[in-house]
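In: kindly generate the corresponding structure for this input.
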Amino acid sequence: MPIDWLTLMAAASAGALGGLHCIAMCGGIATGLSSVGGGGLAAAVQSNLGRVAGYSAAGAIAGGVGHGIVAVAQLEWLGPALRFLLGMVMVAIGWRLWSERRLRLGTVRPGVALWNRLRPLQRALMPADRAWKRIGLGALWGWMPCGLSGAVLAAAWLQADARNGALTMAAFGLGTLPLMVPLAWTGARALQGRHAATTRRAGGALVMGVGLVTMAAPWLGALPVIGPALHALGCIPGG
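Out: Predicted coordinates for the structure are as follows:
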């Protein structure tokens, strides 16, 4: 499947504009990982890059599972249906950014069960006195249950492609770095003021727009000018 650039853009926007959520959920973890790593910019970057790697691995697994379902079912309508659901998830993520309300897509509870199994691995990586240990702790951090990342993971699954799933979660993680790296480095909670309501709502509207385009892609694909562009962006089922 071609790379779905619209979904990647939406995922990166969700990561960048979900900064207030990240501070509330992960601020203590971010500063804690930096401190156990001896502090400094290097420790902050290493732990956050590990988090992006953890997101990417989860996205690859989710996308691969989705691909397996599509391959086994071999139903003509399943691909367009997954695409429509992907658009709905994008709309839900955009609405969450717009309204600052929590997402409840049923993705957190399974994540809690998995996290309880992964959590003991933290002990093997402590003390985080080496770069690989900080990266490993960051990767585990990426698997921590979170409503926003869980929603993006659902989008990765609905793409039914391991590569696109990994890229979607990587885009989300990279989008969070401009906020989370300074937070892990300095622990500055004052960064909350950086995300103005107007910017957040504009980003939420953008993500919702991407979702609506994704949902309408099968019909828009029939248009002579828009269709080829959507096909190039990977937004047409089977494209």
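
In: any idea of the mean pLDDT for stretch 173-181?
Out: Regarding stretch 173-181, the rounded mean pLDDT is 87.

In: over to stretch 205-215?
Out: The model assigns stretch 205-215 a mean pLDDT of 88.

In: cool, stretch 139-151 as well?
Out: Mean per-residue pLDDT for stretch 139-151: 83.

In: and it, how far out from the chain middle?
Out: The chain centroid and the centroid of stretch 139-151 are separated by 8 Å, computed with C-alpha atoms, centre = their mean, to the nearest Å.

In: what's the answer for stretch 41-56, then?
Out: The answer for stretch 41-56 is 14 Å, by C-alpha atoms, centre = their mean.

In: can you list contacts of that stretch?
Out: 30, 33-34, 37, 128, 131, 134-143, 149, 166-167, 169-170, 172-174, 176-177, 180-182, 184-185 (C-beta atoms under 8 Å, 6 or more residues apart in numbering). (Glycine included, C-beta is placed from N, CA and C.)

In: so what's the residue nearest to residue 82 when sequence neighbours are not counted up against?
Out: Of all residues not flanking residue 82 in the chain, residue 158 sits nearest, at 4.9 Å (C-beta to C-beta, 6 or more residues apart in numbering). Residue 158 sits next to 66, 82-83, 85-86, 89 when contact means C-beta under 8 Å, 6+ apart.

In: pLDDT at residue 158, what is it?
Out: 91.

In: and the next element down the chain from the worst-scoring helix or strand of the chain on mean pLDDT?
Out: Lowest by mean pLDDT, DSSP states H and E among the helices and strands of the chain is helix 19-36, with a mean of 58. Using DSSP states H and E, the helix or strand that follows helix 19-36 in sequence is helix 41-73.

In: packing partners of the next helix or strand after that next one?
Out: Downstream of helix 41-73, the first helix or strand assigned by DSSP H and E is helix 78-99. Judged by 3 or more C-beta pairs under 8 Å, 6 or more residues apart in numbering; DSSP states H and E, helix 78-99 is in contact with helix 5-17, helix 41-73, helix 147-158, helix 197-220.

In: most packed of the ones you listed?
Out: helix 147-158 (a mean of 26; mean count of other C-beta atoms under 10 Å).

In: quick one: that helix to helix 197-220, angle?
Out: 20 degrees (axes from the mean of the first three to the mean of the last three C-alpha atoms, to 10 degrees).

In: quick one: buried residues of the helix or strand following helix 147-158?
Out: Under the assignment DSSP H and E, the closest C-terminal helix or strand after helix 147-158 is helix 162-186. Residues of helix 162-186 classed as buried: 162, 164-177, 179-185 (neighbour count, 16 or more other C-beta atoms under 10 Å).

In: run the angle between helix 162-186 and helix 41-73 for me.
Out: Going by the same axes, to 10 degrees, helix 162-186 makes 160 degrees with helix 41-73.

In: relative to helix 78-99, how tilted is helix 162-186?
Out: Going by the same axes, to 10 degrees, helix 162-186 makes 20 degrees with helix 78-99.

In: helix, strand or coil for residue 127?
Out: coil (DSSP: H, G, I helix; E, B strand; the rest coil).

In: perfect, that will be all.
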